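Participant: no sequence on this one, just coordinates:
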């Protein structure tokens with residue numbers, strides 16, 4: 001099982017989503033910024049590193065929003081989505097095909113990675129009236 005951390009970054013009533021590069025597994029699907037936790041790495045440190053590598057931003061990591069285990073045909077991921085706030089920098093497309101700030105009502109307009117579906121349902125339930 002692969003441990004994956006991701007960030008739920010808000011800007012007022014919108015949150016950040018990232019489009020996977022076309023050449024990667026699940027290419028062009030949308031996801032939250034983040035990635036694999038390396039051996040011996042703390043989850044928060046991994047998320048800070050991933051946000052710097054993928055977006056060029058520094059973040060303060062908050063509480064866990066949601067976690068899910070998802071079985072893909074090629075791997076199983078344990079995904080932990082943390083609240084995070086950008087403390088320095090402006091998100092850049094360093095690794096992703098595209099970046100978008102969306103509100104909860106726009107979730108259905110994007111094709112997300114299957115592991116994110118349960119998280120998106122939780123976002124709709126918790127923040128749908130924002």
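Facilitator: Thanks, I have it. Everything quoted here is computed from the prediction, not taken from an experiment. Numbering: from 1, shown residues only.

Participant: buried ones in the helix ranked longest in the chain?
Facilitator: The single longest helix within the chain, with elements called by DSSP state H, is helix 43-55. Judged by neighbour count using 16 or more other Cβ atoms under 10 Å, the buried positions of helix 43-55 are 44, 46-51, 54-55. Where C-beta positions appear, they are placed from N, C-alpha and C, glycine not excepted.

Participant: mind putting those in CSV, distance to residue 112 included?
Facilitator: Formatted as CSV, the buried residues of helix 43-55 follow (distance: Cβ to Cβ, whole Å):
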residue, distance to residue 112
44, 24
46, 21
47, 19
48, 23
49, 23
50, 18
51, 19
54, 17
55, 18
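
Participant: where are the low-confidence patches of the protein?
Facilitator: Applying pLDDT under 70 to the chain flags the ranges 129-130.

Participant: residues touching the residue nearest the centre of the chain, list them.
Facilitator: The residue lying closest to the centre of the chain (Cα atoms, centre = their mean) is residue 32, at 1.7 Å. Residue 32 is in contact with 6-8, 16-18, 81, 116, 119, counting by Cβ atoms under 8 Å, 6 or more residues apart in numbering.

Participant: try residue 122
Facilitator: Counted by Cβ under 8 Å, 6+ apart, residue 122 has contacts 65-66.

Participant: over to residue 79?
Facilitator: Neighbours of residue 79 in contact, by Cβ under 8 Å, 6+ apart: 4-6, 67-70, 115-116, 119.
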